[in-house]
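J.: A structural model of the following input is requested.
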Amino acid sequence: QVQVGESGGGLVQPGGSLRLSCTVSGNNISSIFDMKWYRQAPGNQRELVATITKDGNTHYADSVKGRFTISRDNTKNTMYLQMNSVEPGDTAIYLCNADVTYYTTYGSKWRRDFWGQGTQVTASS
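T.: Numbers count the residues shown, from 1 in each chain. Okay, here's the model as predicted:
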């Protein structure tokens, strides 16, 4: 079974930094394509923050461009989000999304998106 888990959230002062991690685990994984960070603040729609392809190409929301950096380590099936110059408006639950191909118990190959449970980031003094 494929699982996605985030870590690294917490309380950070405005102007500070935080590093989030997202790991995809499972002994039946074939490949991981695009990985994405989303965030959702109370009362707001879910927002796409950043995307990284398997080859390392990246894309950012305008609101985080120049402050956040997305990266990944394909050997560890792990993605990172380095958050610098954090602002109160960055407060949200941050969720990881991964496009994964995997083998079922019967040996067939499937592809779909998997989501993590999220990690809370709070920017406050």
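J.: Please verify my assumption that residue 81 contacts residue 69.
T.: Yes. Judged on CB atoms under 8 Å, residue 81 makes contact with residue 69 at a distance of 7.4 Å. Every residue, glycine included, has its C-beta placed from N, CA and C.
J.: Name the SS class of the residue located most distally from the centre of the chain, please.
T.: The outermost residue of the chain, judged against the average C-alpha position, is residue 106 (29.6 Å), by CA atoms, centre = their mean. What DSSP: H, G, I helix; E, B strand; the rest coil gives for residue 106 is coil.
J.: what's the distance between the helix or strand hosting residue 71 and the middle of its chain?
T.: In this assignment (DSSP states H and E), residue 71 forms part of strand 68-73. Strand 68-73 has its C-alpha centroid displaced from the chain centroid by 9 Å (CA atoms, centre = their mean, to the nearest Å).
J.: Adjacent strands (with direction) for that strand?
T.: Within its sheet, and counting by DSSP bridges, strand 68-73 is paired with strand 78-83 (antiparallel).
J.: Just the CA atoms of the strand it pairs with, as PDB, please.
T.: What follows is strand 78-83, C-alpha atoms only, in PDB (Å, rounded to 0.1, in the frame of the first residue of the first chain):
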ATOM      1  CA  THR A  78      11.100  12.500  -0.600                       C
ATOM      2  CA  MET A  79      10.200  16.100  -1.400                       C
ATOM      3  CA  TYR A  80      11.000  19.200   0.500                       C
ATOM      4  CA  LEU A  81       9.700  22.700   0.800                       C
ATOM      5  CA  GLN A  82      12.200  25.300   2.200                       C
ATOM      6  CA  MET A  83      10.100  28.200   3.500                       C
END
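J.: and that strand, which residues are buried?
T.: Going by neighbour count (16 or more other CB atoms under 10 Å), the buried part of strand 78-83 is 78, 79, 80, 81, 83.
J.: Residue 17 - how many residues pack around it?
T.: Residue 17 has 12 neighbouring residues, counting by other CB atoms under 10 Å.
J.: Identify the residues contacting it.
T.: 82, 83, 84, 85, 86 (CB atoms under 8 Å, 6 or more residues apart in numbering).
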